[in-house]
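Peer 1: Need the 3D shape of this:
(2 chains)
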Amino acid sequence: MAGLTHASPIAEVAVPLGIRRRRGSPGVEAWRKFRRHRMAVASVAILTVLTLAVLLGPLLWSVPINEIDFTARLSTPTWQHPFGTDDLGQDLLARMLYGGRISLAVGFAAMVVAVVVGTLIGAISGISRGSVDAVLMWITDLFLALPQLPLLLLVIYLFRDFLKNLVGPEGGVFILIVLVIGGFRWMPVARLVRAQFLSLREKEFVEAARALGATTPRLVIRHILPNSLGPIIVAGTIDVAAAIIAESTLSFLGLGFPPDIPTWGRLLFDAKDYLDIAPHWALFAGAAIFLTVLAINFIGDGLRDALDPRKVM
Amino acid sequence: MGKYILRRLTIALPSLLGISLILFTLLALAPGDPFGELATNSNIPPEVREAIRVKFGIDDPIFVRYLRWLAAMLQGDWGFSFASRIDVDKLILQRVPTTLFVVGSSQILALAVALPVGVYAAMRPYSIFDQIANTVAFIGFSLPTFFTGLLMILVFSVTLGWLPFVYRTDIAATGWLWYWENVKQAIMPVAVLGLFQAASYTRYVRSAVLDVIRLDYVTTARSKGLNEGKVVVKHVVRNALIPVVTLVALQMPAVFGGAIVTEQIFRIPGIGSLLISAILANDTPVIMAVTFVFACLVVVFNLLADIIYGWLDPRISYR
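Peer 2: Numbers count the residues shown, from 1 in each chain, chains lettered A, B, ... in the order given. Got it, this is the predicted structure:
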């Protein structure tokens, strides 16, 4: 019966009888559904502009991020400093463009870590029955119940100096933050992948492949995994937003990147003591985080409409 | 019901043990000596240092250390704060009530907003109200708590001057004035935390109600002639709440994470701000203990959710 319930009955009725709708490849079909979510399409544009700005912006706006100018201390936006300056007279536009690179890079890298770990654990759990599955799911549930931010802070506190000595202050903190944020966000992906595997591995096409003599790794990689990609992509998108928020939170608490690396969270942390005299400082940084996270969340929502077959409403 | 609670307890205990194991492994894996401040202090002669190491058993095998650490934690011996020179358990006990007050009131606020809005939106899907609620909820959970906190301070404290932005425990007033001052200073932190949670809860409630509202038994209830209010409250909401309780329980770690940020912004003397100041002061015993307390709080709230779950859905507790 599941095949008979249409995703959106209204849309099906709207097609006049006798005219067959062309069915494209899964990619084309997904894009057609994605386009219907207007906020998601707008968000793709916003995110593209933001990404291009932080990638190319520093080439066009070549003010150094650490040029101290006490005569222009805490100035509000002017032509010389479009986003104003901070308490040392450093140009905020340059700092935000530079910090945006780090915030976005952390978000994407942490998402990759979370998706890889989650897919691996979910796949192993979903394909093997019995005790392996039970143990892995117990670990997943345990991680879901962990207080993430306190543990994040604890790990960073314990390992920060070690990695700093190993790969330098910036690289060390970057690796640490990405690994830790990714390491605490893989559980939803693992559960999704496991659920997908449990249902897919009983399907006829998997049985057919197995009857043809496909080994288990081939079954997983060629047949089951590609079919469970949709929910993974959706969960991964949301993870980017969550990772950006997590990184900003750490920086906002003063425990993320070192003070000379102006990530968006760090800018807010520095700005919060000057709220009364220089509100623009906090507003620009906060708005950047908000806009990025909102855009990514909307894209995730649009992708869910496009890729997740379970979605009915 | 009693049996069910007991069974839930036996599930909660192993997860506490698992969390303690993770915490201890992290501490043991950490490079350098966590008690380095004492052990490397050049004012302490080598013999004394050696005696300290033996006394704390730092050179013992790791599982012996874990068992000893666990036994000490269970007996309430949580160590001694390096920074404030008092016992860690006293320090934490002073601050837990404040955190629980802020987190508790914010959860009540979140549910008080999310339940009516979510139910109303689901009863009229794709209406104007639903679309506005959906968009506002989306914006709400994309706004990080640290930014909303700063915005609120900017608007209500700096610009309008209505509310204080530093949380104080030593308010001089007495009687009603004391309560009023306390409410005034709690408004912003509770609103920041509560509205952020309300945004995601609204979406959960909406989709849970949508799943239930088209089922046949709801139609039956309507055709019996029950009025709409009774149908919604007694038949729809109670069943829709079952998945919502699970999702709310899953949000608990995030809630306590948000509490750390809010406590830091508004300088609330709870365990979250204690954690941050302990990290800045390299106060390892306090950091370990606070992290463990947070883990315990999450487990306790999950247990609470399980009990509510059993009450909402009696089928579960009989199984």
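
Peer 1: which non-adjacent residue is nearest the closest residue to chain A within the stretch 151-300 of chain B?
Peer 2: Taking Cβ to the nearest Cβ as the measure, the stretch 151-300 of chain B has B:G257 as its residue closest to chain A, at 3.3 Å. Yep, even glycine has a C-beta here, placed from its N, CA and C like the rest. Distance criterion Cβ to Cβ, 6 or more residues apart in numbering or on different chains; nearest residue to B:G257, sequence neighbours excluded, is A:L149 at 3.3 Å.

Peer 1: which ones are touching that neighbour?
Peer 2: Contacts here follow Cβ atoms under 8 Å, 6 or more residues apart in numbering or on different chains; on that basis A:L149 touches A:246, A:249, B:253, B:256-257, B:260-261.

Peer 1: Can you read off the pLDDT for it?
Peer 2: In this model, A:L149 is scored at 86, pLDDT.

Peer 1: which is the next helix or strand following the helix or strand it falls within?
Peer 2: For A:L149, the host element (DSSP states H and E) is helix A:148-167. Beyond helix A:148-167 on the C-terminal side, the first helix or strand identified by DSSP H and E is helix A:169-183.

Peer 1: could you give the mean pLDDT of that next one?
Peer 2: 83.

Peer 1: Give me the angle between that helix and helix A:148-167.
Peer 2: 140 degrees (axes from the mean of the first three to the mean of the last three Cα atoms, to 10 degrees).

Peer 1: Near chain A, which residues of the stretch 51-200 of chain B are found?
Peer 2: By Cβ under 8 Å from any Cβ of the partner chain, the residues of the stretch 51-200 of chain B that approach chain A are B:125, B:135, B:138-139, B:141-144, B:146-147, B:150-151, B:153-154, B:158.

Peer 1: ok, so of the contacts of A:L149, who is nearest B:L93?
Peer 2: B:F256 (17.2 Å; Cβ to Cβ).

Peer 1: So for that closest one, what's the pLDDT?
Peer 2: pLDDT, B:F256: 87.

Peer 1: Would you mind confirming that it makes contact with B:V298?
Peer 2: Yes. Under the criterion of Cβ atoms under 8 Å, B:F256 makes contact with B:V298 at 6.4 Å.

Peer 1: where do the contact lists of these two overlap?
Peer 2: Taking Cβ under 8 Å, 6+ apart as the criterion, B:F256 and B:V298 both touch A:P147.

Peer 1: just the angle between the helix or strand B:T10 falls within and helix A:148-167, please?
Peer 2: According to DSSP H and E, B:T10 maps onto helix B:2-29. For helix B:2-29 against helix A:148-167, the angle between stretch directions is 20 degrees (the same axes, to 10 degrees).

Peer 1: Give the rounded mean pLDDT of helix B:2-29.
Peer 2: 82.

Peer 1: tell me which strands and helices it is in contact with?
Peer 2: Contacts defined by 3 or more Cβ pairs under 8 Å, 6 or more residues apart in numbering or on different chains; DSSP states H and E place helix B:2-29 against helix A:131-144, helix A:148-167, helix B:62-74, helix B:284-312, helix B:314-318.

Peer 1: cutoff 6 Å now
Peer 2: Here helix B:2-29 touches helix B:62-74, helix B:284-312, going by 3 or more Cβ pairs under 6 Å, 6 or more residues apart in numbering or on different chains; DSSP states H and E.

Peer 1: Single out the most deeply packed of those helices.
Peer 2: Counting by mean count of other Cβ atoms under 10 Å in any protein chain shown, helix B:284-312 has the highest mean neighbour count of these, with a mean of 21.

Peer 1: Tell me what angle that helix forms with helix B:62-74.
Peer 2: Using the same axes, to 10 degrees: helix B:284-312 against helix B:62-74 is 70 degrees.

Peer 1: Check the offset of helix B:284-312 from the chain's centre.
Peer 2: Centroid separation between helix B:284-312 and its chain, computed with Cα atoms, centre = their mean, to the nearest Å, is 8 Å.

Peer 1: List the buried residues in stretch A:129-142.
Peer 2: Neighbour counts over stretch A:129-142 (16 or more other Cβ atoms under 10 Å in any protein chain shown) mark A:133, A:136-137, A:139-140, A:142 as buried.

Peer 1: Return the one helix or strand B:T220 maps to as PDB; C-alpha atoms alone will do.
Peer 2: For B:T220, the host element (DSSP H and E) is helix B:216-223. Taking Å, rounded to 0.1, in the frame of the first residue of the first chain, the C-alpha atoms of helix B:216-223 are listed here in PDB:
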ATOM      1  CA  ASP B 216     -10.300   7.300  12.700                       C
ATOM      2  CA  TYR B 217     -10.800   7.500  16.500                       C
ATOM      3  CA  VAL B 218     -10.700  11.300  16.300                       C
ATOM      4  CA  THR B 219     -13.500  11.200  13.700                       C
ATOM      5  CA  THR B 220     -15.400   8.800  15.900                       C
ATOM      6  CA  ALA B 221     -15.000  11.200  18.900                       C
ATOM      7  CA  ARG B 222     -16.300  14.100  16.700                       C
ATOM      8  CA  SER B 223     -19.300  12.100  15.400                       C
END
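
Peer 1: And the average pLDDT for the next helix or strand after it is what?
Peer 2: As assigned by DSSP H and E, the chain's next helix or strand after helix B:216-223 is helix B:228-230. Averaged across helix B:228-230, pLDDT comes to 86.

Peer 1: Can you mark which positions in helix B:228-230 are buried?
Peer 2: Going by neighbour count (16+ other Cβ under 10 Å), nothing in helix B:228-230 comes out as buried.

Peer 1: between the helix or strand that comes right after that helix and helix B:284-312, how many degrees?
Peer 2: Using DSSP H and E, the helix or strand that follows helix B:228-230 in sequence is helix B:238-266. On the basis of the same axes, to 10 degrees, helix B:238-266 is oriented at 160 degrees to helix B:284-312.

Peer 1: which residues touch the helix or strand that helix B:238-266 is followed by?
Peer 2: Per DSSP H and E, helix B:238-266 leads on to helix B:271-280 as the next helix or strand towards the C-terminus. Residues outside helix B:271-280 that contact it (Cβ atoms under 6 Å, 6 or more residues apart in numbering or on different chains) are A:153, A:157, A:253, B:92, B:95-96, B:99, B:259-260, B:263-264, B:286-287, B:290.

Peer 1: Centre of the chain to stretch A:35-43, how far?
Peer 2: 18 Å.

Peer 1: Buried ones in it, by neighbour count?
Peer 2: A:37, A:39-40, A:43.

Peer 1: could you dump those residues to JSON lines with pLDDT, distance to A:S128 and secondary structure?
Peer 2: Output for the buried residues of stretch A:35-43, formatted as JSON lines (pLDDT from 0 to 100; distance: Cβ to Cβ, whole Å; DSSP: H, G, I helix; E, B strand; the rest coil):
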{"residue": "A:H37", "pLDDT": "79", "distance to A:S128": "37", "secondary structure": "coil"}
{"residue": "A:M39", "pLDDT": "82", "distance to A:S128": "40", "secondary structure": "helix"}
{"residue": "A:A40", "pLDDT": "84", "distance to A:S128": "37", "secondary structure": "helix"}
{"residue": "A:S43", "pLDDT": "87", "distance to A:S128": "39", "secondary structure": "helix"}
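
Peer 1: closest to chain B among those?
Peer 2: Nearest to chain B among the buried residues of stretch A:35-43, with distances taken as Cβ to the nearest Cβ, is A:M39, at 7.9 Å.

Peer 1: Report the secondary structure element holding the closest residue to the closest one other than its chain neighbours.
Peer 2: Of all residues not flanking A:M39 in the chain, A:F298 sits nearest, at 4.7 Å (Cβ to Cβ, 6+ apart). Per DSSP H and E: A:F298 is located in helix A:279-307.

Peer 1: do A:G99 as well
Peer 2: helix A:92-127.

Peer 1: Could you identify the pair within the buried residues of stretch A:129-142 that is furthest apart?
Peer 2: A:D133 and A:L142, at 14.8 Å, using Cβ to Cβ across those.
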